[in-house]
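Student: Sequence plus the predicted model coming up.
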Amino acid sequence: MKGLQIVVLGSIVPDPLQTLEPIVGPTGPALKNEMMLPAVLDPWAGHALFEAASLAKRVEGKVYLVALGPKAKLQQVMMSVAQKVPFEIVVLDGPASGFADAAETARALAGAVEKIPGLDKGKLLLFGGWQSASRGTGAVLSMVGELLGITDQFQGVDEINVAEDGSFTVLERIEGGSYQQSSCQGLPAALGWATGNLPEPPNNPQVGMANMRLIMPALQKAVPAPLKGEGLRYQGVEVPSQRRETRIVKNASVDEIAREIADWIRA
Amino acid sequence: MTDTSAQQLPAESLLTGVLVDDAAADKAPADNSPDHNAPGDDALPEGALPDGVERQRMDVDIACVGFGPAMGGFLHTLSRGLLNEDGAPAVESKAMPGMPPQVICYERADDIGFGVSGVVTKGRGIRASFPDLDLSQIPLATRVTDEKVVFLLDPHGASRRPGLMRVKEAFLRAVGLAKNHAYELPYIPNFLRKEPGFLLSMGQFNQWAGGQIMGQGVAQIWPGTPVAEPLMFDQVVVGVRLQDQGVDKQGRPEAGFMPGMDIRSQLTVVADGPVGAVGRKLDEKLGLPTGNHAREWAVGMKMVVDLPEGCELKEGLVLHTLGYPEPEIFGFLYVYPGNIASLGIFVPSWYDSPVRTGYRYLQHWMQHPYLWKHLKGGRMRSWGAKSLQESGRKGEPHLVGDGFARIGEGSGTTNVLTGSGFDEAWTSGVLLGVSVLELLKAGKPFTKDNLTRSYVRRRRDSWLDREAKMAEKARDGFQVGVIQGLIGMALAGLTDGKAFWPGATKKPHERIPSLEDFFRGRIPADEIARIRSECTQKGLPLHGALMDRVGWPSIQFDGQLLVSHQDALLLGGKVQAPAGYRDHVTFKSRHVCQACDEKVCIEACSGQAITTNPDGGVPLFDREKCVHCGACIWNCSKPAPKGGEGANVDFQAGAGGLHSAEN
């Protein structure tokens, strides 16, 4: 199907290698030193973006990345992401801490998608991450889909094939390591991607140069999306407990080591 | 790489868009001798491509290599000058007529904030670029409020101290001047003093400066993109070649192979630091100016630490230490806002130990009673290491040539007397930025002559060069001994460089003694042989066993600040390496490694990426642990088989490394 429009919803998260420390800031929960931490494109959104670019290349489609995050940080992350695959970006300047109301976030994103010039919902695929490295609800993509009137929604997607007439098949992960295959007669559809099947593309300077001509103006035109979070109240915020515990144990027998590993797994 | 057809052309024509034969450039022969362990034995000759694969080319106006303070100064200056007040470009691109000049900067690390250095600076260049600089906008930045120079005595009696230093220590203890085994100098000479100045985190500053530059929309900065080499025709630089992607450890193409693109440019700005591939290849090709040598080095290893609650160290404090854990090793501790400190040590090339490990010495230094009373209970936030080019102006390469200019530490900006390099690097970038704007607006090509008349002239007339000249011989005394070095620095500092302690330089590999010579009188040769054998069988470096043997106490890990070297990599440096790149550290001759008893490369490796091969012979290299400090370049005791300045380690452009923006 030619002329496909693939809109990827994705923003930034702190580099997963960083040590995260939740704090309560003046506007609610936040991460300590968040603006100091290097950021990356949410890895789940990254899979969606790379799959979108691959599909667009096959069907002569176009990829839009709609990102809600602090634009200074988005600009920094785009230095890396823009080298990977061709896309246009739409920027909403707001928080990306993960401590935002999913419904409010979805409304902002849906509004931005609606404003994409020439948007044709008959040719629209809405992509996003199945999960997020900043919040694991997976709720925002579904809500955006609903707000846009997209009723065909899939989660845990690893593959999509779009036929010339606009019909498509989707492979969704289900329990037991199996896939559920769904067939639809036409677009639009919303897909929450699992990992997909593609490796991270290499850095391509020509792609970067072409992307940046549109990315920098888009960042300058970023629409504020403050996400007030009214009515939202957090009972508690914590990061997963650290599992790393270094001990130096000398002269342990193989049996003792094996027993300790087995105990750790059982725990 | 040469192209005979291109050699006939005048430099100016190559710099103004004459097309050259890419295919000829790709047919360059390479050293593939069987003794050389990289690339792989069945790899294609260097630069050659598999059938059906083409190397792409992109034309820009200015190609830049490496993003640090020098490049920050250059791009900031250039960006401001390339736009008129109405926002229209002041000049037109030659690479893309009708467009503004295309300026593109490639940075090897995965983020522009992954640089390593705690910075204390007078900030003259930075203040000139940002007259309204608000330090509160840069995380971890603050003003210097107090400065101390501290002589650390040896509480264990394990370090190698000259007799005169032992006498001095005994005197300080006898008269009661040594408190917590340390003596705070009552006076800080002006040449060392940084007040009024400020403290910065290199990573945070780079993030901030990069954001400012990208926001201006003139230059593009691309992290995660290592540059393999300059593209040269005879002595003319016409751009750079990016590193191949989609290859195995030996550089052999795999699925997804993408040959590194050729970026053709009228000007290549080289700011890839002292161990960058482009700068070092230029040095190999062009040599250094007569009489210059980049032979003095140090590895700086550091941490950023959450100080314990109730810590008495005040924000803005600067501590310089000397004397411990070995007399040649200097230390620093800067207190940032928020009860955070940046601290670390420098292990120099003139500390003639074949087992000079940065990491264990850092742990002993932190545990010195004078420091530990403040640090105990603290927590490591970040860790990193880098090589510093300590030759300063004596290591200055050719600053310009046809089609290229060099700025920053790799261009010899570090002032080895004042121990400062950050502001100097920034200023060198500013001076080049002003010069490039001048040439662009005058429509002049970037020839050696034009760049000499603009950039080199400005640099020679600047405070940067005047002060570098004063510092030029300040550290020569360290070539003779540590006492002589300290006296030499004082003489140079107090006489503006007119007096100094002389000392002839040696190539780094010529300085390193054998283990038996270094430990003579402390460990018998047969015991060294036994320790070497045991460590080799276990795949361990030697420094742990040897330091234990001469009396260094073992490190009791507390899991917070005192952690294993591997935990420092994982928790502090968050080191990683993207797939699809070749091993960037290789050994030029297997035979040389097999015959080497010291293997300093293993002992000094900041990330334990180079390790003992239990089967003997060539050390092993693990790219996923490399922090790209480049210490292996100068921590090799064997000369390169082909001679010259270099040793037996080959260090090329690589991707990955540290993932911390706090260093």
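Tutor: Yep, that arrived.

Student: So A:Tyr234 lies in a strand, does it not?
Tutor: No: assigned with DSSP: H, G, I helix; E, B strand; the rest coil, A:Tyr234 falls outside any strand and is coil.

Student: helix/strand/coil for the nearest residue to it once chain neighbours are set aside?
Tutor: The spatially closest residue to A:Tyr234, leaving aside those adjacent along the chain, is A:Pro29, at 5.1 Å (C-beta to C-beta, 6 or more residues apart in numbering or on different chains). No exception for glycine: its C-beta is placed from N, CA and C like everyone else's. Here A:Pro29 is recorded as strand under three-state DSSP.

Student: could you list every residue that touches A:Pro29?
Tutor: Shown in contact with A:Pro29 (C-beta atoms under 8 Å, 6 or more residues apart in numbering or on different chains): A:22-23, A:97, A:99, A:234, A:237.

Student: And B:Arg295, by the same measure?
Tutor: If you count contacts by C-beta under 8 Å, 6+ apart, then B:Arg295 has B:349, B:391, B:395, B:505-508, B:645 around it.

Student: tell me the SS of it?
Tutor: Of the three states, B:Arg295 takes coil under three-state DSSP.

Student: Then the one 4 residues further on?
Tutor: The local conformation at B:Val299, judged by three-state DSSP, is strand.

Student: repeat for B:Lys148
Tutor: Under three-state DSSP, B:Lys148 comes out as strand.

Student: is it true that it touches B:Leu319?
Tutor: Yes: under the criterion of C-beta atoms under 8 Å, B:Lys148 makes contact with B:Leu319 at 5.2 Å.

Student: Quick check on the two: which one has the bigger neighbour count.
Tutor: B:Leu319 (21 against 14; other C-beta atoms under 10 Å in any protein chain shown).

Student: Spit out the contact partners of the more buried one.
Tutor: Here B:Leu319 is in contact with B:148-150, B:331-334 (C-beta under 8 Å, 6+ apart).

Student: any idea whether it is helix, strand or coil?
Tutor: strand.

Student: Tell me what it is bridged to.
Tutor: In this entry, B:Leu319 is beta-bridged to B:Lys148, B:Leu333, by DSSP bridges.

Student: A:Leu17: neighbour count?
Tutor: 18.

Student: What distance do you get for it to B:Leu570?
Tutor: A:Leu17 sits 9 Å away from B:Leu570, going by C-beta to C-beta, to the nearest Å.

Student: List the residues that contact the residue of the stretch 1-150 of chain A found nearest chain B.
Tutor: Proximity to chain B, evaluated over the stretch 1-150 of chain A using C-beta to the nearest C-beta, is greatest for A:Leu17 at 3.7 Å. Applying C-beta under 8 Å, 6+ apart, we find A:Leu17 in contact with B:574, B:576, B:659.

Student: Look up phi and psi at it.
Tutor: Here is the backbone geometry of A:Leu17 (degrees, to the nearest 10): phi -80, psi -10.

Student: Relative to chain A, which of the contacts of A:Leu17 is nearest.
Tutor: The closest of those, once distances to chain A are taken by C-beta to the nearest C-beta, is B:Lys574, at 3.7 Å.

Student: Provide a list of residues in contact with the residue nearest the centre of chain A.
Tutor: A centroid search over chain A (C-alpha atoms, centre = their mean) returns A:Ala45, at 2.5 Å, as the residue closest to the centre. If you count contacts by C-beta under 8 Å, 6+ apart, A:Ala45 has them with A:8-11, A:128-129, A:132.

Student: returning to what we had before: give me the buried entries from the contacts of B:Arg295.
Tutor: Using 16 or more other C-beta atoms under 10 Å in any protein chain shown as the burial test, these include B:349, B:391, B:395, B:505-506, B:508, B:645 as buried.

Student: Could I get the contacts of A:Pro29 in a markdown table, plus columns for pLDDT?
Tutor: Shown next, in a markdown table, are the contacts of A:Pro29 (pLDDT from 0 to 100):
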| residue | pLDDT |
| --- | --- |
| A:Pro22 | 81 |
| A:Ile23 | 82 |
| A:Ser97 | 78 |
| A:Phe99 | 81 |
| A:Tyr234 | 81 |
| A:Val237 | 78 |
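
Student: just checking, which of those belong to strands?
Tutor: With DSSP state E as the criterion, strands contain A:22-23 from among those.
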